[in-house]
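Student: please find the sequence and the predicted model below.
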Amino acid sequence: MKPLTQPMFYVLLSLREKRHGYEIMQFVEELTQGRVVIGPGTLYALLSRFEKDGQIDLVRKEQNKRVYQLTERGEKLLNGEIHRLEEMLEDAKRCER
């Protein structure tokens, strides 16, 4: 498994709950206290890719909004990345002076 980019990670994390595009962008910006801002171009490219790869599902359409949520496959990918990052952090802690 290749490491996820920062935007990929946060989009998947946000979709542990059903959200549409604008809600995803807001969630990420609020969660990261503005450190990570995902623009619409990046977001919609990722949503398309994740949907194609079976990591998220379109659960409903509301007017012009498409609402997505993680699939089991997406949750597995996200949890794998969380585990990878935790291992890296533990390695760094073992090297502290």
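Tutor: Received the coordinates, thanks.
Student: top helix in this protein by residue count?
Tutor: helix 72-94 (DSSP state H).
Student: other SSEs contacting that helix?
Tutor: helix 6-14 (3 or more C-beta pairs under 8 Å, 6 or more residues apart in numbering; DSSP states H and E). Yep, even glycine has a C-beta here, placed from its N, CA and C like the rest.
Student: elements contacting the helix it packs on?
Tutor: With contacts taken as 3+ C-beta pairs under 8 Å, 6+ apart, helix 6-14 sits against helix 21-31, helix 40-52, helix 72-94.
Student: now those helices as JSON lines including distance to Lys2?
Tutor: Formatted as JSON lines, the helices and strands packed on helix 6-14 follow (distance: least, C-beta to C-beta, whole Å):
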{"stretch": "helix 21-31", "distance to Lys2": "21"}
{"stretch": "helix 40-52", "distance to Lys2": "13"}
{"stretch": "helix 72-94", "distance to Lys2": "10"}
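Student: out of the ones you listed, which is the most enclosed?
Tutor: Highest mean neighbour count among these (mean count of other C-beta atoms under 10 Å): helix 21-31, with a mean of 16.
Student: and the average pLDDT for the longest helix of the chain is what?
Tutor: In this model, helix 72-94 has a mean pLDDT of 96.
Student: before we move on, back to that, tell me which of the helices and strands packed on helix 6-14 sits nearest to Pro7.
Tutor: helix 40-52 (5.4 Å; C-beta to C-beta).
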